[in-house]
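Colleague: return a 3D structure for these sequence lines:
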Amino acid sequence: MGCKQSKPSTEPQAAKESAESPRPTTPEPVAATGRAATEAAIARLTRQLTTPAGDPESPWALAHGLLAFGPEFKARDGRSAVQVAASFAQPNDEHPPRYGFPPEQSGKPVEPHPHLIVKTFLEIGLPPALELRASDGAAISVRSLLNDMRARMHEPQSDTDWYDAAWWISALELDPERDDRLLAPVRDAALARLEADDAVLASDAQEPFATTAPMGAAKRSKRHIYGHPCGGLHFVQAILRAASASSSPDFRARTQRQLALLLRRHTAERELYAQTLHAHPEVRLIVSGQQLKFFGHLLETLALAVRLGTAGGDPKLTAELAAAQQLAAADLLGALEQLEQERAYERLSEISAQRPQLALDLIGDGCHAVHGLRETLPSLP
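Modeller: As a prediction, this is how the structure comes out:
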């Protein structure tokens, strides 16, 4: 949902087939970028997303609206999105009870990714002491939700555990009172997992998405980095936050290597999308939705890396990051233009009836796109 509740499933068969064909010449950016174009895209998305992201029956939607539009964002019934989202917190059977969020309620997504809501509250800068009200009327706070989350945490033991880890790791890193000594083992395990999952990106295969190539096999089977929601970009963001807080030069150097692999992945992914659109224009809506997901989350990730100084003093990586930001912004604006041509947001109700997951993706990933574009604005001419 946005970053799907389960493994991604909307990639069209055409995309899988075209990955086995010869790759085209590296595509040029499909849209000009710059401050004016970016601000116009943000304004348009704001108009298109405020209502669907303001669904008072879906804390998942509200959390994405908060990420895109900030802590003052309101549900479409006029109430504070923060307070409405928090009101879905439910007590467990412990004494005293601990509060958390169910994956869904009444058919609407609440928290399909565990701890998404408290992570979002911290990411948008809510004070930990902010008073909230749970579903039973009990007084809770951002701090109490964070403490209740921490009490449930353990090192992941399975792929599924790791696929859910990005949000709680980020929440721990965003805690203004975090204990870096206690977090060190979590950081080490998470970086080792990212390195293992990203190994498929290191292949020098001439056609990265060919059936026999590591990236192509991983993408088709939804394994390794492609097993994570949103292609693992939330997990990469968690590692970037960990590296920023870590005192280990080795940890930061290893994170830089993962960032370099992400830049290689961008090149391969954008070529695959361009090839698919050229060969199968009939699936443009679906492919454009996939581009929105990848380029929007990528832009968020690159902007976070720049803001946190992940490149350190490496002039080559710094320059590559800056160039990748410009290119990813252009790629994202191009995907948004394709969605405009498809009238995707005008037809959201129709799409929801026919392809409900795609409609959710357009809302959630659209909000990530707004966030990524906002975070990129300072670097644009």
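
Colleague: the helix or strand Leu373 falls within: how far from the chain's middle?
Modeller: Remark: Leu373 resides in helix 356-376, with elements defined by DSSP states H and E. Between the centre of helix 356-376 and the centre of its chain there are 9 Å (C-alpha atoms, centre = their mean, to the nearest Å).

Colleague: please enumerate the strands of this structure.
Modeller: Ranges of strands within the chain are 90-91, 99-100, 104-105, 108-109, 131-133, 139-141, based on DSSP state E.

Colleague: and the fourth one, what other elements does it pack with?
Modeller: It stands for strand 108-109. Judged by 3 or more C-beta pairs under 8 Å, 6 or more residues apart in numbering; DSSP states H and E, the packing partners of strand 108-109 are helix 59-69. All C-beta spots, glycine's among them, are computed from the backbone N, C-alpha and C.

Colleague: same check on the last one?
Modeller: Contacting strand 139-141 under the criterion 3+ C-beta pairs under 8 Å, 6+ apart are the following elements: strand 131-133.

Colleague: list the buried residues in the strand it packs on.
Modeller: Leu132 (16 or more other C-beta atoms under 10 Å).

Colleague: partner strands of that strand, parallel or antiparallel?
Modeller: strand 139-141 (antiparallel) (DSSP bridges).

Colleague: okay, buried residues for the strand it pairs with please.
Modeller: Buried residues in strand 139-141, counted by 16+ other C-beta under 10 Å: 140-141.

Colleague: and if you look at stretch 102-119?
Modeller: Across stretch 102-119, burial judged by 16+ other C-beta under 10 Å covers 104-105, 109-119.

Colleague: off-centre distance for it?
Modeller: For stretch 102-119, the separation from the chain centroid amounts to 15 Å (computed by C-alpha atoms, centre = their mean).

Colleague: kindly export that stretch (C-alpha atoms) in PDB.
Modeller: Output of stretch 102-119 as PDB, limited to C-alpha atoms (Å, rounded to 0.1, in the frame of the first residue of the first chain):
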ATOM      1  CA  PRO A 102      -3.300  -3.100  13.400                       C
ATOM      2  CA  PRO A 103      -2.400  -3.600   9.800                       C
ATOM      3  CA  GLU A 104      -5.900  -2.600   8.700                       C
ATOM      4  CA  GLN A 105      -9.400  -1.900  10.000                       C
ATOM      5  CA  SER A 106     -12.700  -2.100   8.200                       C
ATOM      6  CA  GLY A 107     -11.000  -2.800   4.900                       C
ATOM      7  CA  LYS A 108      -8.800   0.400   5.100                       C
ATOM      8  CA  PRO A 109      -5.000   0.300   5.700                       C
ATOM      9  CA  VAL A 110      -3.900   1.400   9.100                       C
ATOM     10  CA  GLU A 111      -0.300   0.300   9.500                       C
ATOM     11  CA  PRO A 112       0.600  -2.300   6.900                       C
ATOM     12  CA  HIS A 113       4.300  -1.700   7.700                       C
ATOM     13  CA  PRO A 114       4.800  -2.100  11.400                       C
ATOM     14  CA  HIS A 115       5.700   1.100  13.200                       C
ATOM     15  CA  LEU A 116       5.200   3.300  10.100                       C
ATOM     16  CA  ILE A 117       3.100   5.800  12.100                       C
ATOM     17  CA  VAL A 118       5.500   6.400  15.000                       C
ATOM     18  CA  LYS A 119       8.400   6.700  12.500                       C
END
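
Colleague: start at 59 instead
Modeller: Yep, numbering from 59; the last one is stretch 160-177 now.

Colleague: now what about it, what contacts it?
Modeller: 59, 61-63, 113, 115-119, 121, 143-144, 146, 148, 158-159, 200, 203-204, 207, 222, 224-226, 228-229, 232, 287, 292, 418 (C-beta atoms under 8 Å, 6 or more residues apart in numbering).

Colleague: and the strands of the chain: which comes nearest His355?
Modeller: Of all the strands of the chain, it is strand 166-167 that lies closest to His355, at 17.7 Å by C-beta to C-beta.

Colleague: can you list the strands that that closest one pairs with?
Modeller: Its sheet considered, strand 166-167 pairs with strand 162-163 (antiparallel) by DSSP bridges.

Colleague: where in this protein is pLDDT low?
Modeller: Scanning the chain for pLDDT under 70 picks out the ranges 59-90.

Colleague: give me that answer again for 50
Modeller: Applying pLDDT under 50 to the chain picks out residues 63-83.

Colleague: re the thing from before, can you flag the buried ones in the contacts of stretch 160-177?
Modeller: 59, 61-63, 113, 115-119, 121, 143-144, 146, 158-159, 200, 203-204, 207, 222, 224-226, 228-229, 232, 287, 292, 418.
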